[in-house]
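Chemist: Take this sequence and fold it.
(chains A and B)
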Amino acid sequence: MKLFHRALVVLLPLLPASFAAAQVQPNMFSHIIIVVQENRTPDNLFGAHAPSTPCGTLGDFPGADLAAPELAMAAAAAPATLFIR
Amino acid sequence: MIAGFDPNHQNADWVKDYDGGKMDGFCDGGSPPCQPYSFVRFQDIAGYFAIATTYGFANYMFQTNQGPSLEAHQFLFTGTSAPVAVNGSNDYFWYFVENNPASATSSGCPVNTDLSWIDPLGHTYSNPPLNSECYAHDSLVTGATYCNSQTGICDKSATWRYYTPSAGSIWDALDAIPEVCYGINDPTRGGNDIACGSTNSINNGAEWSAHMRISETLDSAPILTDIANCQLQQISWVIPDSAWSDHPESSGGLPLGPAWVSEIVNAVGQSYANSNGACDYWGTSGSKTNGVVQPTAILVAWDDWGGFYDHVPPFSIPQGSGTANNWGCNGPSEWGCGYAYGFRVPFLVVSEYTGTQSESTYTGYISGACGSTCSNNKLPFQHDFGSILAFAEFNFGLPTIDPSGQNRDADYNAPDWGPNGTHINTPLSDFFGLYPNYPRPFVPIAVDYPASYFHNYYSNNNASPMGPDMD
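Modeler: Numbers count the residues shown, from 1 in each chain, chains lettered A, B, ... in the order given. As a prediction, the model looks like this:
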């Protein structure tokens, strides 16, 4: 435990300024449900809500780090066929 | 969910997609080409979008492994896909099982050469030097050292269930552990076609039978039944039927995955009313003094990237150095070298403590939210499957998988613990910023398919429980 506290003291100044540990406690939940779905990425699943510019705050999902895949495909000079599935 | 194609997503495809960090190799030669750059129609994910914007969404949840489903489910249950136990005479415990077997089913704890391996340098072995072993190793909820030889139960202190559509599939992570499969740490049973939980196991496979909930023709949704009956265990893994898994080419063209997850959320959030006050799995309705209030966190993850495009490079691709018995990937910062980390996968969190609050208004929380730039791909907002294990261990006071931290075969890392294994943060804790003073009332998620649709899916559609395909 002492080692842990020493490490904490040494490392805290190195943490990002925005870092603030949440005040969680053991047993705050009586149950945890882990739902496992299949085969998607954020850009694929939520790409329809991506802002018009990468990392932009416009659109209906501000703050989400999404890129419209078809824009990336165009940037990669991939064959210009769009898919919306 | 509509997707008439299934992009390749074995480890070699991951390497191609990643393209040395350029993230531009996703075209897979399908017809028409570059289908992995498609995205899902917004009307098909209305449930997911409502959950994400009402409760919690992760910008930076990374799949732990750079491969497909079998290993991903292992990482979500045991924190590793190492193929063999620690052995003083070889170093193969440093490797990982890389891809899926040719067959999606097994008959007991697997021992075979059908599983390719990957070493700490990222070299793959389609014909591994040894058989993959059925060997004792910890999971989040079990361990060989906890086995009771009389009862055949090997649990740590938490109650748990693993809901799955079919037995013996690559999605059934617990089958790979002999003490769970057979109720005893007896690796010699593995590979002998002794099915997990069979009558040849200790106490008729008491451990496996006690925790597996396999979907039945008469009830396609046993997790919803258990919630309705106030029978929820402390930890539940919920593996979907193929029809509502979101897996491409497996959903019959209907967007059932978002409805399925929304029904689980609604079942938890409305449990107090639905049970006539017998249990409150949300936490804000019942009396705090009679045991009815049992707050629940719902963590929704996708097992792998499925071959689809994503624009954020994985945050760490540690590669080992050296040679056999001298691999240079011992440190926590290099955990998983050769096979970690994978691409981002979606991640949703729902609880009474998840969201942002302003006066009496609650809205959704985005972990690592972008401002004018997206600059929060860092601590404490980087998560992986180990973060799920770590948070559950923290919440229930469970012993950490391999607390010595010395053996990579049975260890795991959570990037939001902090740098170099410092454990200065509780993984996933940023999702619970409303704790303890601002628990929020439940807001139901609108769904097009009622819970009865899932309960009766097999009987109403002349269908049988359907597990995964080969990937």
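Chemist: what's in contact with the helix or strand where B:S459 lies?
Modeler: Counting by DSSP states H and E, the element that carries B:S459 is helix B:457-460. With contact meaning C-beta atoms under 8 Å, 6 or more residues apart in numbering or on different chains, helix B:457-460 is reached by B:215-218, B:220-221, B:241, B:243, B:453, B:463-465. C-beta here means a position set from N, CA and C on the backbone, and glycine is covered the same way.
Chemist: out of these, who's nearest B:N326?
Modeler: Proximity of the contacts of helix B:457-460 to B:N326 (C-beta to C-beta) peaks at B:D241, which lies at 46.0 Å.
Chemist: how far away is the nearest residue to B:P415 once chain neighbours are set aside from B:T80?
Modeler: Among residues not flanking B:P415 along the chain, B:Q382 sits closest, at 4.5 Å (C-beta to C-beta, 6 or more residues apart in numbering or on different chains). For B:Q382, the distance to B:T80 (C-beta to C-beta, to the nearest Å) stands at 19 Å.
Chemist: Between these two, which is the more surrounded one?
Modeler: Neighbour count, other C-beta atoms under 10 Å in any protein chain shown: between B:Q382 and B:T80, B:T80 has more, with 29 against 24.
Chemist: Pick out the residue of the stretch 251-400 of chain B closest to chain A.
Modeler: B:G306 (2.8 Å; C-beta to the nearest C-beta).
Chemist: can you pull the contacts of that residue?
Modeler: Taking C-beta under 8 Å, 6+ apart as the criterion, B:G306 is in contact with A:38-41, A:44, B:6-7, B:9, B:247-248.
Chemist: how does it look with 6 Å?
Modeler: The contact partners of B:G306, by C-beta atoms under 6 Å, 6 or more residues apart in numbering or on different chains, come to A:39-40, B:9.
Chemist: My impression was that it belongs to a strand - is that right?
Modeler: No - looking at B:G306 with DSSP: H, G, I helix; E, B strand; the rest coil, it is coil, so not inside a strand.
Chemist: Grab the nearest non-local neighbour of it.
Modeler: Nearest one to B:G306, counting by C-beta to C-beta, 6+ apart, is A:N39 at 2.8 Å.
Chemist: Make sure that neighbour is actually in contact with B:E249.
Modeler: No - contact criterion C-beta atoms under 6 Å: A:N39 and B:E249 do not qualify, at 9.9 Å.
Chemist: Looking at these two, which is more packed in?
Modeler: Between A:N39 and B:E249, A:N39 has the larger neighbour count (other C-beta under 10 Å), namely 30 against 14.
Chemist: So for the more buried one, what's the pLDDT?
Modeler: The confidence metric pLDDT takes the value 94 at A:N39.
Chemist: Likewise for B:W14?
Modeler: pLDDT for B:W14: 97.
Chemist: cool, B:T159 as well?
Modeler: For B:T159, the pLDDT comes out at 98.
Chemist: Who are the contact partners of it?
Modeler: By C-beta under 6 Å, 6+ apart, the contact list for B:T159 reads B:233-234.
Chemist: List, one by one, the residues from the stretch 351-471 of chain B near chain A.
Modeler: Within the stretch 351-471 of chain B, the positions adjacent to chain A are B:366, B:369-370, B:373-374, B:378, B:380, B:392, B:395, B:397, B:422, B:424-426, B:429-430, B:432-433, B:435 by C-beta under 6 Å from any C-beta of the partner chain.
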